[in-house]
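Visitor: What follows is a predicted structure for the sequence shown.
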Amino acid sequence: MIAHYPDARDLNKKALSTFKPLFATLDPPDLKLLTGVYEAAVTGPGWLRMSAGPSLALSGLGGWWGKDFTEGGGINIVLRDGQMQRIIPFQTTLAASAIDGRPAVVVRYTDECPFPWPHIFDEVRQIEAGRLLGMTRST
């Protein structure tokens, strides 16, 4: 059976409460195939999308554009003054999700990263080839 998952525009019409159930239906991407640059889009209701930019700026990720995944980790990409910059590195592992206990790629930031990133982690599952859904959490 082929499931149809909505694109970002469809997800933007959904209530925030629909993301955990959607995430629970997805499987983690293969860590070996995850390598590459992924452009990001904050999805969800309008209030979340509108507050994401200022919140990310306060946390040091102003102009967040996406992630560059490498084997075992990666780095965030921001667009500032028309230039792509790579900042705030991370490590990736396959681990049990804090959301539902099923496997997910967990993105963790080291203690060397600026506050609040050592207290933040992302869980990533694959919607389809080249499309991921990430859920940001805090410890």
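Guide: Yep, it's here. Numbering: from 1, shown residues only.
Visitor: So Leu31, which state does it fall into?
Guide: Three-state call for Leu31 (DSSP: H, G, I helix; E, B strand; the rest coil): coil.
Visitor: Now the element after the longest helix along the chain, going C-ward?
Guide: The residue-count maximum for a helix in the chain (DSSP state H) belongs to helix 46-58. As assigned by DSSP states H and E, the chain's next helix or strand after helix 46-58 is strand 64-70.
Visitor: the helices in this structure, which residues?
Guide: For the chain, helices defined by DSSP H occupy the ranges 8-11, 19-24, 46-58.
Visitor: I'd like those helices as JSON lines, with mean neighbour count, distance to Thr35 and mean pLDDT appended.
Guide: (Glycine included, C-beta is placed from N, CA and C.) JSON lines is the format used below for the helices of the chain (neighbours: other C-beta atoms under 10 Å; distance: least, C-beta to C-beta, whole Å; pLDDT from 0 to 100):
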{"stretch": "helix 8-11", "mean neighbour count": "13", "distance to Thr35": "22", "mean pLDDT": "66"}
{"stretch": "helix 19-24", "mean neighbour count": "14", "distance to Thr35": "22", "mean pLDDT": "92"}
{"stretch": "helix 46-58", "mean neighbour count": "13", "distance to Thr35": "24", "mean pLDDT": "90"}
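Visitor: how about these, which one is nearest Ile77?
Guide: Of all these, helix 46-58 sits nearest to Ile77, with 12.3 Å by C-beta to C-beta.
Visitor: Just the C-alphas of the closest one, formatted as PDB.
Guide: Output of helix 46-58 as PDB, limited to C-alpha atoms (Å, rounded to 0.1, in the frame of the first residue of the first chain):
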ATOM      1  CA  GLY A  46       0.300  29.800  11.500                       C
ATOM      2  CA  TRP A  47       1.200  30.800  15.100                       C
ATOM      3  CA  LEU A  48       4.000  28.200  15.200                       C
ATOM      4  CA  ARG A  49       5.400  29.200  11.800                       C
ATOM      5  CA  MET A  50       5.300  32.900  12.700                       C
ATOM      6  CA  SER A  51       7.000  32.500  16.000                       C
ATOM      7  CA  ALA A  52       9.700  30.100  14.700                       C
ATOM      8  CA  GLY A  53      11.900  32.800  13.100                       C
ATOM      9  CA  PRO A  54      12.200  35.000  16.200                       C
ATOM     10  CA  SER A  55      12.600  31.900  18.400                       C
ATOM     11  CA  LEU A  56      15.400  30.500  16.300                       C
ATOM     12  CA  ALA A  57      17.100  33.900  16.200                       C
ATOM     13  CA  LEU A  58      17.100  34.100  20.000                       C
END
